[in-house]
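Student: sequence below, structure please.
(chains A, B, C and D)
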Protein chains: 2
Amino acid sequence: MSQEQTTGRAVKDGLYEQFARIGKAVANPKRIELLDLLCQGERSVEVLARAAAMGVTNTSAHLKVLREARLVETRKEGTRVFYRLADETVCNFFLTLRDLATDRLAEVDQVVRDYFEARDELDPVGRAELLARADDGDVIVLDVRPSEEYAAGHIPGAISMPLGELERRLSSLPRDAEIVAYCRGPYCVLAPQALKLLHRHGFRARRLEDGLPEWRQAGLPVAVGEGRRQ
Amino acid sequence: MSQEQTTGRAVKDGLYEQFARIGKAVANPKRIELLDLLCQGERSVEVLARAAAMGVTNTSAHLKVLREARLVETRKEGTRVFYRLADETVCNFFLTLRDLATDRLAEVDQVVRDYFEARDELDPVGRAELLARADDGDVIVLDVRPSEEYAAGHIPGAISMPLGELERRLSSLPRDAEIVAYCRGPYCVLAPQALKLLHRHGFRARRLEDGLPEWRQAGLPVAVGEGRRQ
DNA sequence: CTCCTATTCCATAGTTCTATAGAATGAGAG
DNA sequence: CTCTCATTCTATAGAACTATGGAATAGGAG
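Tutor: I've put the predicted structure just below:
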């Protein structure tokens, strides 16, 4: 029995050691931010560095850690390296981690409330509701993320309208239909800013609860490609 | 816009910092082992220390980290302190982490194969299959974990038969029915050892895929309490 | 071929994490 | 009250992690 236990100990240690590799990979805020970004699609090192406000060297080191934990994979194109999630389940894991943190840590709520004040007062649209109403055609769905992210995956029927282009293209939007905007997720500022702009110009607009990763995680259909120019 | 970005940066940093608190909590193999143990039910510090092969001081320190990440909570009873998961979702998070590691890291497979050799050759019973056949009553379900864990939650209809008592109580088992044994999960040695013993004595026995935490996660019914003595 | 650029490698200093031993706390027993 | 025991706190040395700058690498442009 004691012999059994000692050999069992070595095995257990090895096993938990492996599990902890994943844990260590998400033990750093910058690495989590990188994972969040990569949930939106593949990116080059430089783009990731800029988006996460880090030096390129540092970013490269963090990406190496993620790669060694097999959470991300790389693809070389000419002189630059593109990183992407190794698997869709990695994105699900990130979402699980994020939701757990949101559930368990009151501090998350505090941070969010300080910036996204009254985020929930914007009365977000549920995924099921949107799906039902999109079929009826009485709602315009706007994807306000950068167009590359739209191309990498978007809600079927959604129009790509990056936040930077929104004001210029306001006239193409109907004033009678309700507008639903979405972006990267609940902590992304793109959709809230789009709503502010739309409301200022008198449009009837709400945001979708969460963003595209959550939509995909829920098993709802995702379209890829450029989509026709509206 | 740049002002927007800098204030947004502080918020993002704060947010990812919070997410990373959860990540840091699972960045150590011993802490993951403690979470695994706590998925089976609440435990005192001393019991946890013994089960994870650590000193009490060290165990206490790790538990403190888990508590500061709000993953576990405590209850005092006289002179000793019992730890338990703060929420059922913590167990789900652990399972997600474990499954991701199993999916992504070939090394996990290696470790498992070295010890649980031919684990899958034992032809485990699926949860759905067990549920169907248990209704028909042509299968005996054995819970071979310690009896406290059985009391904290078990598959309805299962008989508590801790591994240590199994040999002594063999005569109470029918020789015509098929026996299905389960324990703590896919990496627990209790059920495989029980199967070895049962096979040696000529019983027809298989193991359930996974263990009770996975059963619970799947949303299947869980009974609590001692159950009648068989 | 040489230059240019994106990325990774390497070295380093500062910080944080881990395990252990001894002291302190706090509840129960006598 | 004193004694005992489980647990936590404190201190510490060693290990691992993080950010940063400069060097090395490798592919593309001219």
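
Student: Three-state assignment for A:Ala181, please.
Tutor: When classified by DSSP: H, G, I helix; E, B strand; the rest coil, A:Ala181 comes out as strand.

Student: looks like it contacts A:Gln193 (just checking).
Tutor: No - between A:Ala181 and A:Gln193 there is no contact under Cβ atoms under 8 Å: 9.4 Å. All C-beta atoms are positioned from the backbone trio N, CA, C, and that covers glycine.

Student: between those two, which has more neighbouring residues?
Tutor: A:Ala181 (27 against 17; other Cβ atoms under 10 Å in any protein chain shown).

Student: and the residue nearest the centre of chain A, which of the three is it?
Tutor: Against the mean C-alpha coordinate of chain A, by Cα atoms, centre = their mean, the closest residue is A:Arg184 at 4.2 Å. Recorded secondary structure, A:Arg184: coil (three-state DSSP).

Student: distance check, it against A:Thr74.
Tutor: 22 Å (Cβ to Cβ, to the nearest Å).

Student: wondering if the helix or strand bottoming out on mean pLDDT in chain A reaches chain B at all.
Tutor: When the helices and strands of chain A are scored by mean pLDDT, DSSP states H and E, helix A:106-115 comes last with a mean of 76. Yes - on the criterion Cβ under 8 Å from any Cβ of the partner chain, helix A:106-115 is in touch with chain B at A:Glu107, A:Val108, A:Val111, A:Val112, A:Asp114, A:Tyr115.

Student: circling back to that earlier point, A:Pro213 is in contact with the residue nearest to the centre of chain A, correct?
Tutor: Yes - the pair A:Arg184 / A:Pro213 is scored as a contact, 7.3 Å apart, by Cβ under 8 Å.

Student: find residues that contact each of these two.
Tutor: By Cβ atoms under 8 Å, 6 or more residues apart in numbering or on different chains, A:Arg184 and A:Pro213 have these common neighbours: A:Cys39, A:Gln40.

Student: report the beta-bridge partners for A:Val141.
Tutor: With beta bridges defined as DSSP bridges, A:Val141 has these partners: A:Val180.

Student: my read: it touches A:Cys183, true?
Tutor: No - in this structure A:Val141 lies outside contact range of A:Cys183 using Cβ under 8 Å: 12.0 Å.

Student: looking at the two, which is more packed in?
Tutor: A:Cys183 (26 against 19).

Student: distance check, the nearest residue to A:Leu66 once chain neighbours are set aside against A:Met54.
Tutor: Nearest non-adjacent residue to A:Leu66, counting by Cβ to Cβ, 6 or more residues apart in numbering or on different chains: A:Val72, 4.6 Å away. As judged by Cβ to Cβ, A:Val72 and A:Met54 stand 16 Å apart.

Student: the more surrounded of those two?
Tutor: Using other Cβ under 10 Å as the criterion, A:Val72 and A:Met54 rank with A:Val72 on top: 23 against 17.

Student: for that one, give me phi and psi.
Tutor: A:Val72 adopts backbone torsions of phi -130, psi 160, taken as degrees, to the nearest 10.

Student: and it, bridged to which residues?
Tutor: A:Leu85.

Student: from DNA strand C, how far out is it?
Tutor: 10 Å (Cβ to the nearest atom of the strand, to the nearest Å).

Student: per-residue confidence for that residue?
Tutor: pLDDT for A:Val72: 95.

Student: for it, which residues are in contact?
Tutor: So A:Val72 contacts A:Leu35, A:Leu38, A:Leu63, A:Leu66, A:Tyr83, A:Arg84, A:Leu85, A:Ala86, A:Val90 (Cβ under 8 Å, 6+ apart).

Student: got a quick PyMOL command for the buried subset of the residues you listed?
Tutor: Command for PyMOL that selects the buried part of those, burial taken from 16 or more other Cβ atoms under 10 Å in any protein chain shown:
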select buried, chain A and resi 35+38+63+66+83+85+86+90
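
Student: turn the contacts of A:Val72 into JSON lines, including pLDDT.
Tutor: Rendered in JSON lines, the data for those read as follows (pLDDT from 0 to 100):
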{"residue": "A:Leu35", "pLDDT": "95"}
{"residue": "A:Leu38", "pLDDT": "94"}
{"residue": "A:Leu63", "pLDDT": "95"}
{"residue": "A:Leu66", "pLDDT": "95"}
{"residue": "A:Tyr83", "pLDDT": "96"}
{"residue": "A:Arg84", "pLDDT": "95"}
{"residue": "A:Leu85", "pLDDT": "95"}
{"residue": "A:Ala86", "pLDDT": "93"}
{"residue": "A:Val90", "pLDDT": "95"}
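
Student: who in chain A is up against DNA strand D?
Tutor: Proximity of chain A to DNA strand D (Cβ under 7 Å from any atom of the strand) is limited to residues A:24, A:27-28, A:30, A:54-55, A:57-58, A:61-62, A:65, A:76, A:78-79.

Student: one more pass at 10 Å, please.
Tutor: By Cβ under 10 Å from any atom of the strand, the residues of chain A that approach DNA strand D are A:20-21, A:24-31, A:49, A:52-62, A:64-65, A:76-80.

Student: those residues also near DNA strand C: which ones?
Tutor: Within these, those near DNA strand C by Cβ under 10 Å from any atom of the strand are A:20, A:24, A:27-28, A:49, A:55-62, A:64, A:76-80.

Student: just the buried ones from these?
Tutor: Here, 16+ other Cβ under 10 Å leaves A:Ala20, A:Lys24, A:Ala27, A:Asn28, A:Ala49, A:Thr59, A:Ser60, A:His62 buried among those.

Student: which single one of those is nearest to DNA strand C?
Tutor: A:Ser60 (3.4 Å; Cβ to the nearest atom of the strand).

Student: which one among the buried ones among the ones next to DNA strand C among the residues of chain A next to DNA strand D gets closest to A:Asp13?
Tutor: Proximity to A:Asp13 was ranked across those by Cβ to Cβ; first place goes to A:Ala20, at 10.2 Å.
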